[in-house]
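[1] heads up, no residue letters with this:
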Ligand SMILES: Cc1ncc(COP(=O)(O)O)c(C=O)c1O
């Protein structure tokens, strides 16, 4: 991926790949989209993909594979035990991260299940830069709690801080001192911090965390699911790393950690996951849970074809052209929206463009889920499916009260190598229209609320008839256009 300069002087992200397999998309009429959203209980997770024009729900498991990945899938060695395919993945991980042991899992949260079962005890604490939904759920399920110690800039929507995902080191020390090191299950760093807008941490910050962990004898665990984006930002934003290769930066990161786990639905552009472990002792502690929950140690619930794709995908992640595609498209989207006055998370991060629903819909209270409401409006306005990352994605406290999120974000994910720039420009246009008509958008209320991870399959209804009014305004403004 290259950010080329045009004759006009403007910057344009240019794809360094060509598209050789395509999938037909449908852009349904706005009335149909309204009906589809109603049928989906106003939850973008419950829409049928056939009815979605741009699926910006997530980058998980939907990144475009390369020709090399597809070719490797044909060579997969389909055996339950001792598969050569598995050995190839193990060797690739060892080559990149230098850790001696690997435990395969069927996806990222399965790795979290194993880590939490082994390392979290009732009453223990896991300090981290920021939580991820499934991570927190597993820690809490095992009797532990989470302390988020993100640097102050991390929770500011607009900022010039290049590394908003950094851990506040003073807060980390204070947290360890106040709880006592014995109570700390492990220290977790989430690279490419998902829920605050795909924001990176610096290598320097991770090194400072290592020092603290060494001082108190604690394990440093990295959630490396979004490593690709973070590698790009370390290379382009951290002066001390600008002359290092992506491989060198990856190894430096790994050398600072005791454990690195990941979702291969993100890292490696396929589907699966796993845990890289430095010591034999830790490996043996966790090994027994793999056959119990995942499958035998040489596939861990993954298909061998996917394992081949991950092995090649990890190699491709070491290519600067490949890892820059997502961040540069996102930067384009963020810059264009900022120019139109739309409130978005800045600086642009990885993963996707994050719209600040708290400011976009400042008339909708958090208890009516502004980010969720904006997600439904976005689909009605343009057939674009995003994901709510705000109060709806939180769990109620034990007394049934809402846990209000720090941020109300609508995430429009940018799966790697999937969209063209004209599709992204179309999404920008529809967001712009929605922003001009934001007064029409109202809130949501639950009609069916699951207790755990309610955002996945809970059902909601609009408060009032604002969606009908939005459809009518769309027709008035766009005529018979889709
Ligand atoms: C940072 C982070 N950790 C863990 C996970 C869970 O991975 P999976 O969806 O493969 O279970 C995700 C998925 O989105 C993630 O973004």
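    Nice, I can see it. Keep in mind that this is a model prediction, so the values were computed, not measured.
[2] Taking the stretch 251-400 of the chain, what residue is nearest to the ligand?
    residue 263 (3.0 Å; Cβ to the nearest ligand atom). From N, CA and C alone the C-beta is placed, and that goes for glycine too.
[3] Relative to residue 267, how far out is the residue in the chain positioned nearest to the ligand?
    Using Cβ to the nearest ligand atom, the single residue of the chain nearest to the ligand is residue 108, 2.4 Å away. Distance from residue 108 to residue 267, counting by Cβ to Cβ, to the nearest Å: 9 Å.
[4] shared neighbours of the two, which are they?
    residue 225 (Cβ atoms under 8 Å, 6 or more residues apart in numbering).
[5] residues from the stretch 201-350 of the chain in reach of the ligand?
    Within the stretch 201-350 of the chain, the positions near the ligand by Cβ under 6 Å from any ligand atom are 223, 225, 226, 263, 265, 273.
[6] domain ranges for this protein?
    With domains defined by automatic domain parsing, the chain comprises 2-59+321-478, 67-320.
[7] highest average neighbour count across these?
    Comparing the domains of the chain on average neighbours per residue, with mean count of other Cβ atoms under 10 Å, the densest one is domain 67-320 at a mean of 20.
[8] ok, back up a step: apart from its neighbours in sequence, what residue is nearest the residue of the chain closest to the ligand?
    With sequence-adjacent residues excluded and distances taken as Cβ to Cβ, 6 or more residues apart in numbering, residue 108 is closest to residue 263, at 2.8 Å.
[9] which residues does the one you found contact?
    60, 107, 108, 109, 111, 225, 273.
[10] Next step: these restricted to helices.
    108, 109, 111 (DSSP state H).
[11] Closest to the centroid, which residue in the chain?
    Residue closest to the mean C-alpha point of the chain, counted by Cα atoms, centre = their mean, is residue 194 at 4.4 Å.
[12] my guess is it contacts residue 226, does it?
    Yes - counting by Cβ atoms under 8 Å, residue 194 touches residue 226, with 6.3 Å between them.
[13] any shared contact partners between the two?
    With Cβ under 8 Å, 6+ apart as the test, residue 194 and residue 226 both reach residue 351.
[14] about what we covered before: the residue nearest to residue 108 pairs with what?
    residue 273 (DSSP bridges).
[15] Kindly report the same for residue 461.
    residue 445.
[16] surely it meets residue 445?
    Yes - between residue 461 and residue 445 there is a contact under Cβ under 8 Å: 5.8 Å.
[17] got the contact list for the helix or strand of the chain with the lowest mean pLDDT?
    The helix or strand of the chain with the poorest confidence is strand 2-5; it has a mean of 84 (mean pLDDT, DSSP states H and E). Under the criterion Cβ under 8 Å, 6+ apart, residues 11, 12, 13, 14, 16, 321, 324, 328 lie in contact with strand 2-5.
[18] The last one in helix, strand or coil?
    Following DSSP: H, G, I helix; E, B strand; the rest coil, we place residue 328 in the helix state.
[19] What sits closest to it if chain neighbours are left out?
    residue 13 (3.9 Å).
[20] cool, and residue 430?
    Using Cβ to Cβ, 6+ apart, the closest residue to residue 430 is residue 382 (3.2 Å).
[21] next one: residue 297
    Residue 297 sits nearest to residue 290 (Cβ to Cβ, 6+ apart), 5.6 Å away.
[22] ok, the one you found to residue 111 distance?
    In terms of Cβ to Cβ, residue 290 sits 10 Å off from residue 111.
[23] Bridged to residue 3, which residues?
    Going by DSSP bridges, residue 3 forms beta bridges with residue 13.
[24] I'd like the numbering to begin with 721 instead of 1 from here.
    Shifting the count to begin at 721 puts that one at residue 723.
[25] can you tell me how far it sits from residue 1133?
    Taken as Cβ to Cβ, the span from residue 723 to residue 1133 is 20 Å.
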